[in-house]
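Undergrad: Build the 3D model from these lines:
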Amino acid sequence: MSGSSESIFHLSALPQLNYLTGEWAPFNYQEDGNVTGISVELLESVFKNIGVNRSRADVRIVPLAEGFQIAQNNTSTVLFSIVLTPEREPLYKWAGPFTKASFVLYAPMSSNITISSAEDLNKYRIGAVQSSIENDLLASQGVNKSQIVNGETPEDLLRMLDNGQIDLWATGDLAGRHQMLQTSGDPNAYEIVYILSENDFYYIFSKDVPDTLVSAFEQAIETARNQKDEQGVSDYERIIYRNLGVGCAQQTFTNDAVVELVNTTAEAVENDASDTFRRINSGEAPYRNPEDPSLYAFVYDVNMTIVAHADNIQLVGENFKGKTDVTDKPFRDDILEGALKNGTGWVDYVYMHPVQTNLYYKTTYYRLTQGSDGNSYIVCSGNYKNCQNQSSSTASPEELVAFVEKAFEYAHIHGQETALREFNNQTGQFVDGELYIFAYDINGTTLALPFQPEIIGTNRLNATDTNGTLFIQNLIATAQSGGGFVRYLYEDPADNFTVKQKLSYVMMVDQDWILGAGIYDPQDDSAIVKAGTDPQVRKNLKSFVGEAIAYANTSGKDAAIAEFNDRNGTFVRNDLYIYAFDYNGTTLALPYQPQLIGTDLSGLQDPYGVNYTRVEVFLAQQGGGLLFYHYYNPARNMTLEPKMSYVQKVDETWWLGAGTYIEDLNQTTQPS
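TA: Take a look at the predicted model:
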């Protein structure tokens with residue numbers, strides 16, 4: 001009882017504290033005579049959470065040196081936003097950190113500058129505010145003074161960056177973004193290419209402030225960050241959104257890693273749901289990556305109640321049905337709908353980053369699974385997204401194929417004219433980092449080439465690469481044979497058109513034209529590329545489907561469908577089997593999933609967001625073709641695995657397909 005009384009007594013002292021801050025946008029600064037910024041608004045949220053009748057009007061801006069001096073003299077003072085250093089730590093009491101910020105180098109997105117190490121920095125002119133800490137940080141990285149260009153204000157430096165007077169701008173990550181919002185209006189036109197240092201920021205207290213009050217203050221910060229309101233959004237998210245909007249993240253892991261974590265977590269839930277949820281909520285590996293905490297798992301039940309969350313245990317037990325992100329998107333409802341309809345898929349939304357301060361665009365992969373307790377759960381993990389066109393590391397062959405298949409679907413739905421307009425748009429949805437769609441007609445005339453628009457309309461049938469390879473002819477021939485991979489040399493527009501090895505994937509559209517995309521300096525020994533370029537694998541699939549079509553033409557549709565659905569029939573050979581659909585995407589034959597017969601599967605997506613049934617329908621309508629996607633392997637307990645299929649038209653009412661699982665091909669080619 002005495003402890004409770006003591007706590008109440010100390011909280012009652014909170015209104016009597018002095019609140020001081022310095023001038024450092026966007027965290028704390030003066031605008032139109034008022035103190036404002038992220039940390040000021042967060043302070044008001046703390047006041048609200050603790051129940052104190054104070055506001056930003058009670059905050060005074062002072063020079064930082066003066067604020068430190070006041071806080072050292074037992075004056076019941078709070079000072080913010082302050083970086084924790086070994087020298088400062090014993091002088092004050094600390095609450096936080098409430099945010100992490102970095103001093104970074106910004107470059108225009110269009111410059112395609114890549115900094116691999118500190119040694120690269122001396123290749124560029126780097127701007128920094130005169131006498132700022134950024135100058136010291138650059139010097140500590142070995143940057144010559146001759147390469148540093150000083151400006152009076154951040155606004156001056158941003159203007160110099162836009163005018164090409166400097167190549168890079170050294171500033172705080174959020175301070176830079178704030179200036180971009182004020183000056184250019186489009187912070188996503190710039191990217192962070194190098195991090196000079198990362199720092200945590202705190203509220204500090206003079207030593208005479210009671211520990212219990214500091215602890216209560218710190219807890220109120222955590223409440224502002226993690227506690228969601230009725231809409232499903234925290235105070236902290238709203239504060240960031242008001243001040244900074246939504247940013248782009250540097251991806252530190254691949255979407256493949258996200259899919260792998262979801263699959264690992266789902267299998268664990270299937271084996272022991274209770275223990276898996278306990279381990280997720282404890283933040284154990286692999287459910288929260290210890291090297292990169294932004295890769296973590298979370299799980300909903302089918303009522304949209306969170307049952308496990310590796311990053312924020314405060315959310316466990318809360319129902320999020322109908323709730324939104326800070327932009328009012330009900331993304332969790334989208335996850336639920338997609339999971340119940342398709343089993344797996346991706347959803348995009350806006351969310352806080354566990355490590356960085358900002359709100360970021362996020363894409364989450366989900367998978368519906370049944371736990372060992374007999375209940376259904378939706379297992380999720382996500383990745384923070386690069387902005388459109390941001391230069392990124394080499395995409396995987398799986399991502400390449402998915403990119404092309406999505407473009408193929410888009411072309412069939414929207415028609416050639418609209419599709420080519422979008423493919424040639426450098427800021428459109430089919431230009432993503434190094435990936436972009438190219439297109440040619442079957443005579444070699446260029447239809448889409450977004451980074452070489454001067455070539456549109458020219459015939460390149462006899463064009464060769466530096467090795468003399470007639471690569472356009474190879475692209476067309478491969479597309480006409482059902483689609484597939486082609487290797488050649490080509491200029492990389494993301495690297496000043498440097499000639500590199502290129503691996504492209506192409507598909508035929510309506511027998512009239514082809515489209516494709518490629519990745520530069522691709523990884524060697526990719527299983528999906530081996531399968532796609534193996535002539536025997538392609539021949540076997542086409543032969544198997546051709547045999548089934550001949551059977552259907554001889555025996556009739558009804559008899560053939562019955563035979564294809566018979567697991568003991570002639571067209572089920574372990575995990576190689578014939579499946580059949582009509583052109584609406586309705587299942588006619590699926591021997592290992594008979595419960596889906598008569599079901600419309602046109603909305604199914606694989607982990608890369610490919611609507612593979614719809615792609616198969618379009619391929620079949622134009623005669624036939626190959627595609628890659630992920631599907632459930634009956635030979636391994638219906639595990640979701642990469643698959644290569646060939647589909648072909650039977651007549652105007654239905655089509656057939658058969659596929660081989662890439663993992664099976666790997667096993668058969670391993671040395672004994």
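Undergrad: Quick check: which ranges of the chain have low pLDDT?
TA: 1-14, 131, 184-186, 248, 250, 356-357, 386-394, 494-496, 524-525, 664-672 (pLDDT under 70).
Undergrad: following the longest helix along it, which helix or strand comes up?
TA: Longest helix of the chain, by residue count under DSSP state H: helix 535-555. Next along the chain after helix 535-555, taking DSSP states H and E as the criterion, comes helix 557-564.
Undergrad: bridging residues for residue 644?
TA: residue 628, residue 660 (DSSP bridges).
Undergrad: I'd say it and residue 532 touch.
TA: Yes: when contacts are counted by CB atoms under 8 Å, residue 644 is listed as touching residue 532 (6.4 Å). Just so you know, the C-beta spots here come from the backbone N, C-alpha and C atoms, and that holds for glycine as well.
Undergrad: residues near residue 17, how many?
TA: 19 (other CB atoms under 10 Å).
Undergrad: How about the one 10 residues further on?
TA: Burial of residue 27, expressed as a neighbour count using other CB under 10 Å, amounts to 27.
Undergrad: List phi and psi for it.
TA: Dihedral pair for residue 27: phi -80, psi -50, per degrees, to the nearest 10.
Undergrad: For it, which residues are in contact?
TA: Counting by CB atoms under 8 Å, 6 or more residues apart in numbering, residue 27 touches 37-40, 80-81, 99, 101, 174, 201.
Undergrad: give me that answer again for 10 Å
TA: Listed by CB atoms under 10 Å, 6 or more residues apart in numbering, the contact set of residue 27 reads 21, 36-42, 80-81, 98-99, 101, 172, 174-175, 178, 201, 243, 357.
Undergrad: One more: residue 375?
TA: Applying CB under 10 Å, 6+ apart to residue 375 gives the contacts 269, 273, 301-302, 307, 369.
Undergrad: Check residue 522 too.
TA: 394-397, 400, 485, 487, 500-504, 529.
Undergrad: Between the two ends of stretch 430-448, how far is it?
TA: In stretch 430-448, first residue to last residue: 11 Å (CA to CA, to the nearest Å).
Undergrad: Could you tell me how many residues sit around residue 366?
TA: Neighbour count for residue 366, taken as other CB under 10 Å: 28.
Undergrad: Is it in contact with residue 339, as I believe?
TA: Yes: Residue 366 lies in contact with residue 339 (CB atoms under 10 Å); the separation is 5.3 Å.
Undergrad: between the two, what contacts are shared?
TA: Common neighbours of residue 366 and residue 339, counting by CB under 10 Å, 6+ apart, are 300, 345, 347, 378-380.
Undergrad: For the residues you listed, pick the one with the most neighbours.
TA: Ranking the shared contacts of residue 366 and residue 339 using other CB under 10 Å puts residue 379 first, with 29 neighbours.
Undergrad: Buried residues of the helix or strand harbouring residue 409, list them for me.
TA: Using DSSP H and E, residue 409 falls within helix 397-414. Going by neighbour count (16 or more other CB atoms under 10 Å), the buried part of helix 397-414 is 397-412.
Undergrad: After that helix, which helix or strand is next?
TA: helix 416-423.
Undergrad: Next, the angle from that next one to helix 397-414.
TA: Using axes from the mean of the first three to the mean of the last three CA atoms, to 10 degrees, the direction of helix 416-423 lies 140 degrees away from that of helix 397-414.
Undergrad: contact partners of helix 416-423?
TA: With CB under 10 Å, 6+ apart as the test, helix 416-423 has contacts from 407-414, 428-431, 436-439, 441, 447-450, 456, 509-510, 512-513, 515, 517.
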